[in-house]
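**Q** Below: sequence and its predicted model.
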Amino acid sequence: RNTALKLLKEFEYNILFKPSDAPIKPQIPLKQARISFLKKCELSGVSDKHLQVLSYTTRRVVEFAENKEVLLLSELTSELAMDFFSKRSKNNTHIAYRSFDDKYKPTISNATLKKELQIIKRLFNHCVELDWINKNPFRMVKSPKVDTSKQRYFFSESKVELILSNAGQLKDFYLLLFHT
């Protein structure tokens, strides 16, 4: 007990009278960090469309954190980052070809998730560069694998024949398109 009291008094003395060498990091709100990142991107000369993509991608992270009652950058953890990305990967797309016919709602593709993760990592790397946080909470989130072996569009033999039979003067052009 005496040792514990002595250590407690020494700790109290160090807190009160010895100055800390480590600078105190400012408590930055997530919204302010997002705005700072978007301003930096805008000043770097990105297109308006790309800035719009950056804006709504980063807004999703901020809204997710706010729903979890995390308002400051310093409160965002790697666990919360993984939880966000896990939930995001299970979301359905809003635009699906003929989804009203068969009620099929595809999930977000791995390519989209990979791009969004890159944007989010850039946001938090920006915060690390400004020394607002020590480490990027999304650095532990792994990028999904993108299958590049899939053919993007597929026409059956009968559809190719139908297209070529109705091509007229453009038949050579369509043949070039089909074989490239």
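**A** In hand now; what should we look at? Numbers count the residues shown, from 1 in each chain.
**Q** Toward the C-terminus, what is the element adjacent to the lowest-mean-pLDDT helix or strand in the chain?
**A** In the chain, no helix or strand scores lower on mean pLDDT, DSSP states H and E than helix 99-102, which sits at a mean of 57. Next helix or strand after helix 99-102 toward the C-terminus (DSSP states H and E): helix 110-129.
**Q** Please name every helix or strand in contact with that following helix.
**A** helix 30-43, helix 48-67, helix 78-89 (3 or more CB pairs under 8 Å, 6 or more residues apart in numbering; DSSP states H and E). C-beta coordinates here come from the backbone N, C-alpha and C atoms, glycine included.
**Q** right, and those helices - which one's nearest R1?
**A** Closest to R1 of these, according to CB to CB: helix 78-89, at 37.7 Å.
**Q** Show residues contacting the closest one.
**A** 60-61, 64-65, 68, 70, 107-108, 113, 116-117, 137-141, 144 (CB atoms under 8 Å, 6 or more residues apart in numbering).
**Q** just the buried members of those?
**A** 61, 64-65, 70, 108, 113, 116-117, 137-138, 141, 144 (16 or more other CB atoms under 10 Å).
**Q** so which pair among those is furthest apart in space?
**A** For the buried ones among the contacts of helix 78-89, and using CB to CB, no pair is farther apart than V70 and P144, which are 23.9 Å apart.
**Q** so where's the protein shaky on pLDDT?
**A** Within the chain, the segments meeting pLDDT under 70 span 17-25, 94-105, 147-153.
**Q** can you tell me how far K114 sits from R122?
**A** K114 sits 13 Å away from R122, going by CB to CB, to the nearest Å.
**Q** So which of these two has more stuff around it?
**A** R122 (17 against 13; other CB atoms under 10 Å).
**Q** Which residues are in contact with the residue lying closest to the more buried one once chain neighbours are set aside?
**A** Closest residue to R122 apart from its sequence neighbours, by CB to CB, 6 or more residues apart in numbering: F37 at 7.4 Å. Contacts for F37 were tallied using CB under 8 Å, 6+ apart; they are 54, 58, 122-123, 126-127.
**Q** what's the answer for V53, then?
**A** I119.
**Q** for the one 5 residues further on, same thing?
**A** The neighbours of T58, taking CB under 8 Å, 6+ apart as the test, are 34, 37-38, 119-120, 123.
**Q** between these, which is nearest N166?
**A** I119 (42.9 Å).
**Q** Counting neighbours, what do you get for that closest one?
**A** By other CB under 10 Å, 19 other residues sit near I119.
**Q** Renumber starting at 17 from here on
**A** In the new numbering, first residue 17, that becomes I135.
**Q** Settle this for me: it is touching Q68, isn't it.
**A** No - using CB atoms under 8 Å, I135 is not in contact with Q68, being 11.8 Å away.
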